[in-house]
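Asker: Below is the structure, and that's it, no one-letter string:
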């Protein structure tokens, strides 16, 4: 128990110092996640073929990670911290409202996304759209401030945060690809029929067979894959930089490796998004997708080899 406390408490203390509202948001999401787990066991209702409490559970877990990571980063900010913490407070509020709507719709047994079936459903859906735009703008402001700041002791960690936040912003933007109604939805809407306006899936209707836990379509493309991968690019780049800090002694080499990883990860986000837009399930890639993946992996491997040989031209002279 003491060992666990010694590992967990310092990062949580740093997160609280960086942004108490974001840390409080994460704590609230932990409670909501527990409620959702109970709901998954006790409530057998489904929404679009998935357990009704699965979506709020996934969002709650995602916001735990998002809130704690962003708060931890703000604890290391040295310039513009007042603006950053104000933005963080706004992000915490709109995030709580966003997940609150998702949980409310789950309790009602209604889809939270793309749902305009009733005036209340449409108002809630449009409100979610406005809230996520505020969240994106707040995250953008924090990203700009972190790009201007040099408060991190380790340049590899600093650049992992900078690049990871850019990937996060791109992942959030990918959500806008989902709000475009399909041709079938537009036809139904023009006839006055109740229909969702927008979709996660490509080539197949939402609510079909999906992977366990994630629900990602196993019969068509699914834009949530790129959305999820991009949104958690910040955590991926930070964890990579920390791992490199333990394993790689040379600071310049670590920095180059962070750039290689961030570039490769961005390529992966683009690849799974392209795959989804072509209506292709994640686990059933065609030859073209596999070829693109092979090129991405080969490029990453070649870059690592060059980095390990300490090619001078690859050394970023950046702050």
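Answerer: Great, that's in hand. Given the structure is predicted, the values throughout are model-derived calculations rather than measurements. Residues are numbered from 1 along each chain as shown.

Asker: Quick check: mean pLDDT of the helix or strand where residue 142 lies?
Answerer: Assessed by DSSP states H and E, residue 142 sits inside helix 119-148. Throughout helix 119-148, pLDDT has a mean value of 93.

Asker: Which other helices and strands does it contact?
Answerer: helix 54-74, helix 81-108, helix 155-173 (3 or more C-beta pairs under 8 Å, 6 or more residues apart in numbering; DSSP states H and E). C-betas here are computed from N, CA, C, even on glycine.

Asker: Pull out the buried positions in the shortest one.
Answerer: For helix 155-173, burial by neighbour count (16 or more other C-beta atoms under 10 Å) applies to 155-172.

Asker: residue ranges with poor pLDDT in the stretch 201-319 of the chain?
Answerer: The stretch 201-319 of the chain contains residues with pLDDT under 70 at 310-319.

Asker: Now do the helices in it.
Answerer: Secondary structure of the stretch 201-319 of the chain (DSSP state H, counting those that start in this stretch): helices located at 224-231, 233-247, 251-277, 287-308.

Asker: most tightly surrounded among those?
Answerer: Of all the helices of the stretch 201-319 of the chain, helix 224-231 carries the top mean neighbour count, a mean of 23, counting by mean count of other C-beta atoms under 10 Å.

Asker: residue contacts, residue 106?
Answerer: 36, 39, 47, 52-53, 55-56, 112 (C-beta atoms under 8 Å, 6 or more residues apart in numbering).

Asker: Residue 223 versus that one, what's the distance?
Answerer: For residue 106, the distance to residue 223 equals 21 Å [C-beta to C-beta, to the nearest Å].

Asker: count of residues packed around the nearest residue to residue 46 once chain neighbours are set aside?
Answerer: Spatially, and ignoring its direct neighbours in sequence, residue 46 is nearest to residue 52 (6.2 Å; C-beta to C-beta, 6 or more residues apart in numbering). Using other C-beta atoms under 10 Å, residue 52 is surrounded by 22 other residues.

Asker: Residue 121 too?
Answerer: 19.

Asker: Name the nearest residue to it, sequence neighbours excluded.
Answerer: Per C-beta to C-beta, 6+ apart, closest to residue 121 is residue 115, 4.4 Å.

Asker: I figured that neighbour was touching residue 102, is that so?
Answerer: No: shown here, residue 115 and residue 102 do not form a contact pair, counting by C-beta atoms under 8 Å, at 11.2 Å.

Asker: All good on my end, thank you.
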